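[1] Dropping a prediction and its sequence here:
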Amino acid sequence: MQDSSRIGKHATPAQREKILQAYRRTQLTRRDFAAQSGISVSTLAGWLRRADDSGKGGSRFVAVPNLLAAAPVAAAYRLQWPGGLSLEVRAGFAPGELAALSQLLPTP
């Protein structure tokens, strides 16, 4: 640990690592350890957080699948009549239902 002089944000990476290693070995609270080491509690907390983040690859983002992305479109047949009427039939439509539906459509 350092003496009671304040080093805080001006610590070198080597000094920060040495302080963090000492903190991990101690049984002191953050407040007591920070006071003895010459740093503020918030500085110690920040160093610990950055050290933990760097051990995890440095990123807090988690990949999430895009559930709103358009699903693949199934094959379809589209019939269009001159008046603007159209009929679209997707794969899986029962042939009997299609025949019954076609009876309701106007003839061209």
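    In hand now; what should we look at? Numbers count the residues shown, from 1 in each chain.
[2] Quick one, grab the pLDDT at residue 103.
    Model confidence at residue 103, given as pLDDT, is 82.
[3] for the residue nearest the centre of the chain, what are its contacts?
    Ranked by distance to the mean C-alpha position of the chain (Cα atoms, centre = their mean), the top residue is residue 62 at 2.9 Å. Residues near residue 62 by Cβ atoms under 8 Å, 6 or more residues apart in numbering: none. Using the backbone N, CA and C atoms, a C-beta is placed for each residue, glycine as well.
[4] Make 532 the first number, not 1, from now on.
    Yes, from this point I'll number from 532; that puts the last item at residue 593.
[5] Give me the phi and psi for it.
    phi -120, psi 130 (degrees, to the nearest 10).
[6] Who are the packing partners of the one helix or strand residue 554 maps to?
    Here residue 554, judged by DSSP states H and E, is contained in helix 544-556. The helices and strands touching helix 544-556, judged by 3 or more Cβ pairs under 8 Å, 6 or more residues apart in numbering; DSSP states H and E, are helix 561-568, helix 572-586.
[7] least reliable of these going by mean pLDDT?
    For those, mean pLDDT drops lowest on helix 572-586, to a mean of 85.
[8] orientation of that one relative to helix 561-568 in degrees?
    Inter-element angle recorded for helix 572-586 and helix 561-568: 100 degrees (by axes from the mean of the first three to the mean of the last three Cα atoms, to 10 degrees).
[9] So which bits of helix 572-586 are buried?
    With burial defined by 16 or more other Cβ atoms under 10 Å, the residues of helix 572-586 counted as buried are 574, 575, 578.
[10] Repeat that for stretch 543-552.
    By neighbour count on 16+ other Cβ under 10 Å, the buried set for stretch 543-552 is 547, 550, 551.
[11] quick one on the thing from earlier: what mean pLDDT does the helix holding residue 554 have?
    91.
[12] Run the angle between that helix and helix 561-568 for me.
    Between the axes of helix 544-556 and helix 561-568, defined by the same axes, to 10 degrees, the angle is 130 degrees.
[13] Any chance you could list what contacts stretch 611-627?
    With contacts defined as Cβ under 8 Å, 6+ apart, stretch 611-627 is touched by 605, 606, 607, 608, 609, 610, 629, 632, 636, 637, 639.
[14] Good, wrapping up.
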